[in-house]
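Colleague: Have a look at this prediction, sequence included:
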Amino acid sequence: MVKQVKSSLVEEVEKATVSFWYVKEGSEIKKSESLVELVTEKTSFTFESPFSGKITKILVEEGKEISNNQVIAEIETND
């Protein structure tokens with residue numbers, strides 16, 4: 001089953017920039033492992049994977065801006 005990964009920013013933050021991905025398409029990841037580094041006007045933080053599985057698609061390139069709850073990647077899980 002392919003699950004969508006949505007960005008989850010803090011309530012006051014509406015946008016962030018993808019600084020870099022810790023993974024590549026096709027790589028395996030475990031739940032809570034580092035997925036992507038996001039940067040806002042005030043801080044940067046690591047967004048962790050909400051699922052374990054295989055990264056099937058990265059939908060936002062490094063340097064691009066995202067909004068809260070935007071789908072940023074897809075992970076194939078065994079659920």
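Modeller: Nice, I can see it.

Colleague: Tell me where the model's unsure across the chain.
Modeller: Applying pLDDT under 70 to the chain flags the ranges 10-11.

Colleague: Enumerate every residue touching the nearest residue to residue 45 once chain neighbours are set aside.
Modeller: Nearest non-adjacent residue to residue 45, counting by C-beta to C-beta, 6 or more residues apart in numbering: residue 38, 5.9 Å away. Any C-beta I mention is one placed from the backbone N, CA and C, and that applies to glycine too. Going by C-beta atoms under 8 Å, 6 or more residues apart in numbering, residue 38 touches 7, 9, 16-19, 44-47, 66.

Colleague: so which strand or helix has residue 38?
Modeller: strand 34-39 (DSSP states H and E).

Colleague: Give me the sheet partners of that strand and which way each runs.
Modeller: The strands beside strand 34-39 in its sheet (DSSP bridges) come out as strand 15-21 (antiparallel), strand 44-48 (antiparallel).

Colleague: deepest of the ones you listed, which one?
Modeller: Most buried of those, by mean neighbour count (mean count of other C-beta atoms under 10 Å): strand 15-21, with a mean of 17.

Colleague: Now do the helix or strand following that strand: which elements does it pack against?
Modeller: Next along the chain after strand 15-21, taking DSSP H and E as the criterion, comes strand 28-29. With contacts defined as 3 or more C-beta pairs under 8 Å, 6 or more residues apart in numbering; DSSP states H and E, strand 28-29 has these neighbours: strand 53-58.

Colleague: So which residues make contact with the helix or strand just after the strand it packs on?
Modeller: Using DSSP H and E, the helix or strand that follows strand 53-58 towards the C-terminus is strand 65-67. Residues from elsewhere that reach strand 65-67, judged by C-beta under 8 Å, 6+ apart: 7, 14-18, 38, 60, 72.
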